[in-house]
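A.B. asks: how does the following fold in three dimensions:
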Amino acid sequence: MWYIPPYSRGVSEAFPPVLPERESMEPMKPKKSAFAQGLRDGIPIALGYFAVAFSLGIAARDAGLTPFQGMLASLLCVASAGEYALFTLVGAGAAYLEVALVTLITNARYFLMSCALSQRIRPDMPDLHRWGVGFAVTDEIFGISIARPGPLEPRYHYGAMAISIPAWAVGTALGILMGTILPLRVVSALSVALYGMFLAIIIPPARKELSVAICVLAGFGCSWLFGFLPALQDLSPGMRTIILTLGISAVIALIFPRKEDEPDAE
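C.D. replies: Next comes the predicted model:
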């Protein structure tokens with residue numbers, strides 16, 4: 001892009017145009033759209049979802065669901081633990097109210113994630129985008145969205161949704177069709193991919209900030225202890241996550257307070 005100084009306007013064309021120093025040193029590079037970045041970052045999530053959905057499809061098949069019904073359930077309820085509970089209750093012939101309450105309790109941890117995302121949303125963001133972002137607040141999509149510096153960009157969230165949710169739904173349908181054909185060890189091995197992907201999300205910020213590393217280690221340790229303590233081992237996974245998140249985050253906030261004018265960590 002050429003730049004003509006104000007004093008040269010109207011002067012003879014003999015004076016050559018002058019380039020700013022920054023533009024002459026560094027060529028302009030097109031910025032990737034937020035949606036494209038979300039698609040790129042959502043690829044490993046989609047691969048993990050597709051693998052884990054195979055075992056979810058087996059549970060849906062045992063409950064008597066067809067591939068189309070299982071795919072539709074995964075499109076509308078994007079939650080692994082919630083869908084496992086849903087398919088188990090459907091197979092047991094539970095009432096609609098019981099299914100709704102158990103699914104709500106199992107997925108209650110997403111309330112906390114939505115509250116965290118709401119702190120990143122610009123006040124002028126339309127309600128339509130708020131509803132769109134809130135539709136798919138999964139553990140992994142929340143992790144990559146909250147890790148980005150600055151205000152939440154809905155299009156980045158949509159990009160991750162656009163590639164990961166179809167993979168989750170298609171994996172569920174294929175799990176119903178082919179899950180019983182594959183050996184059980186193969187299905188279990190595919191589920192490990194999701195844990196490796198989640199570690200790839202939490203390790204980089206934990207290496208940058210001591211408070212995040214302490215939160216991660218405390219979460220692992222306390223979650224392990226909850227499986228042995230008599231008063232807590234019978235709680236649902238969603239309720240455990242809520243208790244641990246509130247308790248550990250409150251303690252870390254007291255130990256490592258963040259000033260209001262301090263910028264968010266990348």
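
A.B. asks: and the helices in this protein, which stretches?
C.D. replies: Assigned by DSSP state H, the helices in the chain fall at 21-25, 34-62, 67-76, 80-91, 96-106, 109-118, 127-135, 139-146, 154-178, 184-208, 210-226, 237-255.

A.B. asks: now mean neighbour count too, for those, in JSON lines please.
C.D. replies: Any C-beta I mention is one placed from the backbone N, CA and C, and that applies to glycine too. Converted to JSON lines, the helices of the chain look like this (neighbours: other CB atoms under 10 Å):
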{"stretch": "helix 21-25", "mean neighbour count": "9"}
{"stretch": "helix 34-62", "mean neighbour count": "21"}
{"stretch": "helix 67-76", "mean neighbour count": "18"}
{"stretch": "helix 80-91", "mean neighbour count": "20"}
{"stretch": "helix 96-106", "mean neighbour count": "14"}
{"stretch": "helix 109-118", "mean neighbour count": "17"}
{"stretch": "helix 127-135", "mean neighbour count": "14"}
{"stretch": "helix 139-146", "mean neighbour count": "21"}
{"stretch": "helix 154-178", "mean neighbour count": "22"}
{"stretch": "helix 184-208", "mean neighbour count": "14"}
{"stretch": "helix 210-226", "mean neighbour count": "15"}
{"stretch": "helix 237-255", "mean neighbour count": "16"}
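
A.B. asks: now the ones you listed as TSV including mean pLDDT?
C.D. replies: Output for those, formatted as TSV (pLDDT from 0 to 100):
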stretch	mean pLDDT
helix 21-25	43
helix 34-62	86
helix 67-76	91
helix 80-91	82
helix 96-106	79
helix 109-118	84
helix 127-135	86
helix 139-146	87
helix 154-178	91
helix 184-208	69
helix 210-226	85
helix 237-255	78
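
A.B. asks: so residue 216 sits against residue 209, correct?
C.D. replies: No - under the criterion of CB atoms under 8 Å, residue 216 makes no contact with residue 209, lying 10.4 Å away.

A.B. asks: OK, contacts around residue 221?
C.D. replies: Contacts for residue 221 were tallied using CB atoms under 8 Å, 6 or more residues apart in numbering; there are none.

A.B. asks: how much space separates it from residue 168?
C.D. replies: Look at residue 221 and residue 168: by CB to CB, to the nearest Å, they are 30 Å apart.

A.B. asks: and for residue 216?
C.D. replies: Residue 216 is 25 Å from residue 168, by CB to CB.

A.B. asks: okay, now the domains of the protein?
C.D. replies: 33-189, 209-266 (automatic domain parsing).

A.B. asks: format the ones you listed as JSON lines; extra columns: distance to residue 199.
C.D. replies: Formatted as JSON lines, the domains of the chain follow (distance: least, CB to CB, whole Å):
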{"stretch": "domain 33-189", "distance to residue 199": "11"}
{"stretch": "domain 209-266", "distance to residue 199": "10"}
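
A.B. asks: can you tell which of the ones you listed is closest to residue 202?
C.D. replies: For those, the distance to residue 202 is smallest for domain 209-266, at 5.6 Å, taking CB to CB.

A.B. asks: how far off centre is the closest one?
C.D. replies: Centroid separation between domain 209-266 and its chain, computed with CA atoms, centre = their mean, to the nearest Å, is 18 Å.

A.B. asks: again, but for stretch 59-69
C.D. replies: Taking the mean C-alpha point of stretch 59-69 and that of its whole chain, the gap between them comes to 26 Å (CA atoms, centre = their mean).

A.B. asks: just stretch 205-217 next, same as before
C.D. replies: Using CA atoms, centre = their mean, the offset of stretch 205-217 from its chain centre is 18 Å.
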